[in-house]
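**Q** model the structure of this input:
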Amino acid sequence: MQLRLDALDGHLNKALSQLYVITSDEHLLALEAADKIRRTARAQGYSERDVLTVERSFKWGELLAANQALSLFGDKKLIELRIPTGKPGKDGGAALQAYVKDLSPDNLTLITLPKLDWQTQKAAWVAALQQAAVYIDIPQIERAQLPNWIGQRLAAQGQGADRQSIDFIADRVEGNLLAAHQEIQKLALLHEPGKLTYEQVHDAVLNVARYDVFKLSEAMLLGDPARLVRMLEGLKGEGEALPLVLWAVSEEIRTLLKLKAGMAQGRPLGALLKEYRIWGPKERMMDPALRRISLATLEAAMKDAAQVDKMIKGLRAPAHSGDAWDAMLQLGLKVARG
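**A** Numbering: from 1, shown residues only. I've put the predicted structure just below:
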């Protein structure tokens, strides 16, 4: 049974399932969901706990043995299986399929996984888990959703803030949801319940953003120059390798060119997106981006990318007083502004 994260509290107020699966790359939300299940299990008499982590030397017989072993004190048992890679392998896949067919009524099992890629989601063991378990797939909190999430978290602790203050927090914690959670908790410690001022938020919240090079393309596609500048400065400050940044941006420009060329031939965008395996949040960004960015801009951007590559390799002196990072910024802004 598929279960949305926001429906978990209501579900746990009813009878517990024997098997739960949590899959997510949002570590904070996955941890909170798992904690809720653990607390409910303890309250309902699951006083014993076995924790198994699938590592290189892990033997899948340990999972089957934990399920079959009787508690020393006759108590109900919580079995936690953690698969950090999301890849149990052939033996693990077979073991998981066998496991869900023979769940012990005295045990509750909680399996945690990272977000599964599209190919893994088609595996037989995943289908078996989805059919047998309460399956909670927690999506990432994207940048556009972050202000609303922050507002909800503030409201839960009896506080509120105007949009400027919430956007300030979002800019400082982008890509680091755990840090966002900690900064919001700090505001509860520093200030009484009620409406927070911008000054209170500004003075309390640190810059703890973690910038993801692969999120840089979002700023370009959405036409958000301010975010692009902030992310590039953050990546530079964190010591990110410029060749990787250039590769990520160039790949996005190359994809836009392919889509633009296909549409010029009369092919529908939906078919092109499927052909180039573009889905999820990025799929929704493509149509407005393609409408905004001209073919001439994309072609010029590819030429600029080649020049940035030469600058990185020391084959071309930077123009004026800039450097390769400056050239990289101008390349990204060219696409973001269309």
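**Q** quick one, domains of the chain?
**A** Structural domains annotated on the chain: 5-137, 145-204, 213-337, as defined by automatic domain parsing.
**Q** and the biggest helix by length in the chain, average pLDDT?
**A** The residue-count maximum for a helix in the chain (DSSP state H) belongs to helix 242-264. Averaging pLDDT along helix 242-264 gives 93.
**Q** list the buried residues of stretch 224-233.
**A** Buried positions in stretch 224-233, judged by neighbour count with 16 or more other CB atoms under 10 Å: 224-225, 227-228, 230-232. Heads up, the C-betas are built off the backbone N, CA and C, glycines and all.
**Q** next, format the residues you listed as JSON lines and append distance to residue 108 and secondary structure.
**A** Formatted as JSON lines, the buried residues of stretch 224-233 follow (distance: CB to CB, whole Å; DSSP: H, G, I helix; E, B strand; the rest coil):
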{"residue": "224", "distance to residue 108": "45", "secondary structure": "coil"}
{"residue": "225", "distance to residue 108": "50", "secondary structure": "helix"}
{"residue": "227", "distance to residue 108": "43", "secondary structure": "helix"}
{"residue": "228", "distance to residue 108": "46", "secondary structure": "helix"}
{"residue": "230", "distance to residue 108": "44", "secondary structure": "helix"}
{"residue": "231", "distance to residue 108": "42", "secondary structure": "helix"}
{"residue": "232", "distance to residue 108": "47", "secondary structure": "helix"}
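**Q** spatially central residue in the chain, please.
**A** Centroid-nearest residue in the chain, with CA atoms, centre = their mean: residue 140, separated by 3.7 Å.
**Q** what about residue 82, how many neighbours?
**A** Residue 82 sits with 14 neighbouring residues when counted by other CB atoms under 10 Å.
**Q** next one: residue 297
**A** By the measure other CB under 10 Å, the count of residues near residue 297 is 17.
**Q** and for residue 283?
**A** That count, for residue 283 with other CB under 10 Å as the rule, works out to 14.
**Q** for the stretch 1-150 of the chain, give me the ranges with low pLDDT.
**A** 70-74 (pLDDT under 70).
**Q** go again with 90.
**A** 15, 47-48, 56-57, 64-76, 102-106, 118-119, 142-144 (pLDDT under 90).
**Q** show me where it has helices.
**A** Counting by DSSP state H, counting those that start in this stretch, the segments of the stretch 1-150 of the chain that form helices are 8-12, 27-43, 61-68, 89-100, 124-132, 146-156.
**Q** alpha carbons of the fifth one, in CSV - could you do that?
**A** What follows is helix 124-132, C-alpha atoms only, in CSV (Å, rounded to 0.1, in the frame of the first residue of the first chain):
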residue,chain,number,x,y,z
ALA,A,124,10.8,-7.7,-8.8
TRP,A,125,11.9,-7.2,-5.1
VAL,A,126,10.6,-3.6,-5.2
ALA,A,127,7.2,-4.8,-6.5
ALA,A,128,7.1,-7.4,-3.8
LEU,A,129,7.7,-4.7,-1.1
GLN,A,130,5.2,-2.3,-2.6
GLN,A,131,2.6,-5.1,-2.5
ALA,A,132,3.3,-6.4,1.0
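**Q** which helices and strands does it pack with?
**A** Identification of packing neighbours for helix 124-132 by 3 or more CB pairs under 8 Å, 6 or more residues apart in numbering; DSSP states H and E yields strand 19-23, helix 89-100.
**Q** toward the C-terminus, what is the element adjacent to the longest helix of the chain?
**A** helix 269-275 (DSSP states H and E).
**Q** now do that next one: everything it contacts.
**A** With CB atoms under 8 Å, 6 or more residues apart in numbering as the contact definition, helix 269-275 has outside contacts at 258-259, 262-263, 279, 283, 286-287, 290.
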